[in-house]
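Undergrad: Sharing a model prediction with you, sequence too.
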Amino acid sequence: MNDQEVFTQINQMVQFIHQEAREKASEIKLKTDEEFNIEKLRMVEAEKQKIRAEYERKEKQVEVQKRIGQSNEVRISRLQCLKARDDSMQSVLAEAASGLPSLVSSPEYGALLESLCLEALIQLADQKVMVKGVQGQEAQLKKVLPGAEAKFKAWANKEMGAEWAATIKIEFDSASLKTGIGGVEVVGFGGKITLTNTLQSRLLLAFETQLPKLRSTLFTS
């Protein structure tokens, strides 16, 4: 084999090696591009999932805020309605209270005062009682106290027995109530129990017991 043939054969081998290298490089590039595209798609899809999740989270947050706002509006509306109702009820109570002074100045107040005194005595149900009236009504209370005491003794004789009733002692307390419109306060059991039966307390009691009926009358269409 001469030099030319050797050169030709070497050249062919070099070209073959170059061709193999090019094919290998092309194969590596193709595989790399494929892996790159796959990774790019994976990353893009992952970002899309993050964006979707963030959007859903914000959408839910907006919906929750919307519901909270609606709930607050309903709650505020209910509170306003309840306040308006309470204001109306308090107005009724104030109007009723404004009529108490005229009741005290009426001719029927003496009988009412005696009834209030008797009722308090029966509720307390003690044998030794101090009775206190509203300041300025001492004379009226002294006037009706004997009648209330007689009726109380009659009640006690029937309900508690003659022996119990025989020891009853009702005394007028000169230390009158400094505030109030009318009625009495009785103290028994050695000063341990005080029972207030004034016009204001009776009005409040009537107001509380009649609340359902008042609400029905005022607010039921």
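TA: Good, I have the coordinates.
Undergrad: For this protein, give me the ranges with low pLDDT.
TA: The model of the chain has pLDDT under 70 over residues 1, 220-221.
Undergrad: Centre-most residue in it?
TA: By C-alpha atoms, centre = their mean, the mean C-alpha position of the chain lies nearest to Leu79, the distance being 9.5 Å.
Undergrad: domains of this structure?
TA: If you go by automatic domain parsing, the domain ranges for the chain are 1-98, 103-212.
Undergrad: Check which helix or strand Ala96 maps to.
TA: Assigned by DSSP states H and E, Ala96 belongs to helix 3-98.
Undergrad: chain center to that helix: distance?
TA: Taking the mean of its C-alpha atoms, helix 3-98 sits 43 Å from the chain's own mean (C-alpha atoms, centre = their mean, to the nearest Å).
Undergrad: What separation do you get for the residue nearest to the centre of the chain and Lys29?
TA: If you measure Leu79 against Lys29 using C-beta to C-beta, to the nearest Å, the figure is 73 Å. Backbone N, C-alpha and C define where each C-beta goes, glycine included.
Undergrad: Sheet-wise, list the partners of the longest strand seen in the chain with their directions.
TA: Among the elements of the chain assigned as strand by DSSP state E, the one spanning the most residues is strand 169-177. Each strand that pairs with strand 169-177, with its direction, by DSSP bridges: strand 128-134 (parallel).
Undergrad: Doesn't Gly190 belong to a strand?
TA: No: using DSSP: H, G, I helix; E, B strand; the rest coil, the assignment for Gly190 is coil, not a strand.
Undergrad: ok, now how distant is it from Ala175?
TA: 17 Å.
Undergrad: ditto for Trp164
TA: Distance of Trp164 to Ala175, given as C-beta to C-beta: 28 Å.
Undergrad: of these two, who's got more company?
TA: Counting neighbours by other C-beta atoms under 10 Å for Trp164 and for Ala175 shows that Trp164 has the greater number, 13 against 8.
Undergrad: unless I'm mixing things up, the more buried one is touching Lys153, no?
TA: No: with contact defined as C-beta atoms under 8 Å, Trp164 does not reach Lys153; the gap is 10.0 Å.
Undergrad: Neighbours of Ala125, how many?
TA: 16.
Undergrad: For it, which phi and psi angles does the backbone take?
TA: With angles defined as degrees, to the nearest 10, Ala125 sits at phi 50, psi 60.
Undergrad: now do Thr194
TA: The phi and psi values for Thr194, taken as degrees, to the nearest 10, are phi -120, psi 130.
Undergrad: Same question for Gln135.
TA: Dihedral angles of Gln135 (phi, psi; degrees, to the nearest 10) stand at phi -60, psi 130.
Undergrad: Thanks a lot, catch you later.
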